[in-house]
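1. sequence and computational prediction follow.
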Amino acid sequence: MALNIQRGRDHGLPDYNTARECLGLGRKNSFAEINKNQPELAPETFIGPEELERLRAVYDGDLDQVDIWAGGLMETTSNGPGELFRFIIKDQFVRSRDADRFWFENEKNGLFTPVEIAFIRNITLWNIIVAATSINGSALQKDPFHYTENDPCYAEHPFEGENRTISENDMEPCTKLQIFDYFTGSEVSYALSFLALGIWVVEAVYNHSRRVRARVIAVLLILAHIRQHRIQEARKLQHRKTRSRDPSRIKTYAVILRKTSNGMMVG
C-alpha cells in the first residue's frame, strides 16, 4: 500500500478528488460518500463507516489530500473495483485496443473482411479449447466457467440454483513438478570419471606420458557423452509423459486466414 502511494506521488498523479473531477466523475464532498456499499450484499468486501473514518483520520479530515490509490481502493464494491478504478481500467484497455493497428476489428488495416470479423466475434473459449486440445467438444460445457443442468458431468456434480461456478474441487489435480536428478543412475559414470581423473593426475606427475593422458581424456569424453545421452533420454521420456497428446486427434474448430500481399490466404 505505502509503496503504491509513494509511486503515485513520484509520478505526479493527482489526488483522489482531482482525478475524479478530471475524468468527469464528479468530486466527493465527504468521506462517507466514497463508498455507500451495503454490508448485507457482500460483507467480505464491504467498506463501511469504520474504514472510511480511519481514512479520514489518516488524512486529517482533508478529502482533497487523499491519494488516488487509497481513495480508489476505498470505492471497492462487492462487484469489484469502484467507479474511479473501473473508469481508469476501461480507458486503458480502450486506448490500447484503438491504438493497435493489428486489432482484428480495425477494418482499415485490410487484414480481415467484415464477415471474418463477425466470425471472430462469435468464437468463444469453448471453441478455442476444442480446437487447441484433444478434448472432445461433447465433454465440455459451452460456458467453461459455469455449468447448468443440461451440461456434461451434472450428475457427478449436482447443484441447486440457476448456475454454479466451477471450483478447484471439480478439477483434476495438476501434474506435479518434476526435478531432474543428474546423479541418480549415473553413479558408475561419476565414479569412473573421478577414477580416470585421478589416474591422469598420477601419470602426469610421475610419468609425464602423453599417451596415458590422451587415453584418460578419451575415457572422460566417452563417459561424458554417455551421461549426456542418458540425461536427454530421461528428459524425452518425461516430456512424453507430461504431453501425451496425439497431434492427429487435435480438432480444428475454425482457422482465421490472414491475407498476404499477393492476395493468398495463409492459415
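-> Received it, and whenever you're ready, just let me know what you need.
2. how far does stretch 181-192 stretch from start to finish?
-> 19 Å (CA to CA, to the nearest Å).
3. how far out from the middle of the chain is that stretch?
-> Counting by CA atoms, centre = their mean, to the nearest Å, stretch 181-192 is centred 37 Å from the centre of its parent chain.
4. hmm, who's touching it?
-> For stretch 181-192, the external contacting residues (CB atoms under 8 Å, 6 or more residues apart in numbering) are 219, 223, 226, 227, 230, 231, 234. Every residue, glycine included, has its C-beta placed from N, CA and C.
5. and those residues, which of them are buried?
-> 219, 223, 227, 234 (16 or more other CB atoms under 10 Å).
6. any chance of a markdown table for the residues you listed, columns secondary structure?
-> As requested, the buried ones among the contacts of stretch 181-192 are exported to a markdown table (DSSP: H, G, I helix; E, B strand; the rest coil):
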| residue | secondary structure |
| --- | --- |
| 219 | helix |
| 223 | helix |
| 227 | helix |
| 234 | helix |
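7. just the residues you listed now: which is nearest residue 92?
-> residue 234 (45.9 Å; CB to CB).
8. and the buried ones among the contacts of stretch 181-192 as JSON lines, adding distance to residue 9 and pLDDT?
-> As requested, those are arranged in JSON lines below (distance: CB to CB, whole Å; pLDDT from 0 to 100):
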{"residue": "219", "distance to residue 9": "66", "pLDDT": "72"}
{"residue": "223", "distance to residue 9": "61", "pLDDT": "72"}
{"residue": "227", "distance to residue 9": "57", "pLDDT": "73"}
{"residue": "234", "distance to residue 9": "53", "pLDDT": "73"}
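9. which one of those is nearest residue 145?
-> Among the buried ones among the contacts of stretch 181-192, and counting by CB to CB, the member closest to residue 145 is residue 234, at 37.7 Å.
10. do you know how far that closest one is from residue 186?
-> Between residue 234 and residue 186 the distance, using CB to CB, to the nearest Å, works out to 10 Å.
11. do the same with residue 196
-> 14 Å.
12. go on, residue 92?
-> From residue 92 across to residue 186, the span is 52 Å (CB to CB).
13. who's more crowded, those two?
-> Shown here are residue 92 and residue 186; by other CB atoms under 10 Å, residue 186 has more neighbours (16 against 10).
14. in the stretch 51-200 of the chain, where is pLDDT below threshold?
-> Applying pLDDT under 70 to the stretch 51-200 of the chain picks out residues 153-170, 180, 182-183, 185, 200.
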